[in-house]
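**Q** sequence below, structure please.
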Amino acid sequence: MDITQLLAFAMQNKASDVHLSASNPPVIRVSGQLKRLKAEPLTDEGIRQMIYSIMTEEQRAVFERDMEIDYAIAFGEKARFRVNAFHNRQGAAAVLRSIPSVVPTMEQLDLPTILQRFAELEKGIVLVTGPTGSGKSTTLAAMINHINENLTKHILTIEDPVEFYHTSKKSLVNHRELGTDTKSFPRALKSALREDPDVILVGEMRDYETISLALTAAETGHLVFGTLHSNSANKTIDRIIDVFPTGDKEMVRAMLSSSLQGVVSQTLLKRADGSGRVGAYEILVGTNAVRNLIRENKISQIYSMMQTGLRYGMMTMEDAVQNLLTRNVINEEESKRVLSKAEGDEEGENYTRLEKNRRDKTVVKDVERTSDKQKAVGATDDGGYAF
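**A** The predicted model follows:
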């Protein structure tokens, strides 16, 4: 099987991911759901041929030595793919995630307007969080694109690998890729402070040293964007503080309280009309009151601050989901799934509150929607995909 044809087929069906695993046919993810292709099971040798055809000699050597590798490839002018090749018990395997070559705008993604304000800040740290596959990279790309098109800044990105590629417009954009352009996130961040950046994007804040350097950069007059794998604004603050040793926690609370500008915690939900997925965003804004709570180690009170902070642009995930539900963008089943899944909820407690709030408020009239659902190209009646 030719990898080029497979990737073209995935793009035609608007797949977000392509999975290659020995003894299984190729699998693609469409609107969050995995679909098996109607094809012969792949072999270890066949998968190696496919992934080696999109690797450099150096990448092949790293893959054989380390048993896994992250990199990105360009697929013509239409898209890029982030690739993770690895080994499992049956041989070689890979997951390829589609990344549009054209960076989406904030308007196209229908992002909350507060994110534009975050993008136009002079300094501080803004964190975009959520589970894997929740659209964090796309949200950050749109914010960087807004800066690039409207402001004269020096933007420095440090990623593993570089996903969205930004051509310099009003701003100057420099991309650095882990393994190719730098040895590590901490090393690149130390170097970044001497490279006259206005904006620094850290692809993933994974460890103590990276987080510490990112906070230092934010404190010293840079605007820093970073990502974390956490499910809520509260847990994002907790996670950053928990990375540090006990003796340093008071110090990091002081650093975070002085530099935090905002936290965007997001997830993707299935649209009620089956046309794809839509984002729901929990937003924490670094007001003076929020910063005081962080400094005084009263993180548990931040959620209440978000509930009453609408005038500052804050929003809880519960309110974000309710907004989508009352507009009939999503259905009740999807709202219940997301809210009951939220870490810390008990048996759908958030959903119960959501239903009560929904009954108490005026329900917005249904918007007109197209009744005909477009079926993905090549889809079969049993949910598989003919290839």
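
**Q** chain neighbours aside, what residue packs nearest to Met55?
**A** Counting by Cβ to Cβ, 6 or more residues apart in numbering, Met55 lies nearest to Phe63, which is 6.8 Å off, once chain neighbours are set aside. For glycine as for every other residue, the C-beta is placed from the backbone atoms N, C-alpha and C.

**Q** tell me where the stretch 1-150 of the chain has helices.
**A** 3-12, 44-52, 57-66, 106-109, 114-119, 136-150 (DSSP state H, counting those that start in this stretch).

**Q** between those helices, which one is nearest to Arg253?
**A** Nearest of the helices of the stretch 1-150 of the chain to Arg253, taken as Cβ to Cβ: helix 114-119 at 21.5 Å.

**Q** what comes up buried for the closest one?
**A** Within helix 114-119, the residues scored as buried using 16 or more other Cβ atoms under 10 Å are 114-116, 118-119.

**Q** Gly313 touches Phe118, doesn't it?
**A** No - counting by Cβ atoms under 8 Å, Gly313 stays clear of Phe118, with 9.1 Å between them.

**Q** that's a strand at Gly226, yeah?
**A** Yes - counting by DSSP: H, G, I helix; E, B strand; the rest coil, Gly226 is part of a strand.

**Q** distance of it from Ile240?
**A** Applying Cβ to Cβ, to the nearest Å, the value for Gly226 to Ile240 is 10 Å.

**Q** same check, this time on Met55
**A** In this view, Met55 and Ile240 are 35 Å apart by Cβ to Cβ.

**Q** run a quick neighbour tally on Thr152.
**A** When neighbours are counted by other Cβ atoms under 10 Å, Thr152 registers 11.

**Q** show me the contacts for it.
**A** Applying Cβ atoms under 8 Å, 6 or more residues apart in numbering, we find Thr152 in contact with 170-171.

**Q** any figure for the gap between it and Tyr165?
**A** Distance of Thr152 to Tyr165, given as Cβ to Cβ: 20 Å.

**Q** from Asn328, how far off is the residue most central in space within the chain?
**A** By Cα atoms, centre = their mean, the chain has its centre lying nearest to Lys136, at 1.6 Å. Distance from Lys136 to Asn328, counting by Cβ to Cβ: 26 Å.

**Q** pretty sure Asn165 sits against Arg80.
**A** No Asn there; residue 165 is Tyr. Yes - in this structure Tyr165 lies within contact range of Arg80 using Cβ under 8 Å: 6.9 Å.

**Q** quick check: neighbours shared by these two?
**A** Ser101.

**Q** quick one: which of those two has more around it?
**A** Neighbour totals were compared for Tyr165 and Arg80, and Arg80 leads with 20 against 15 (other Cβ under 10 Å).
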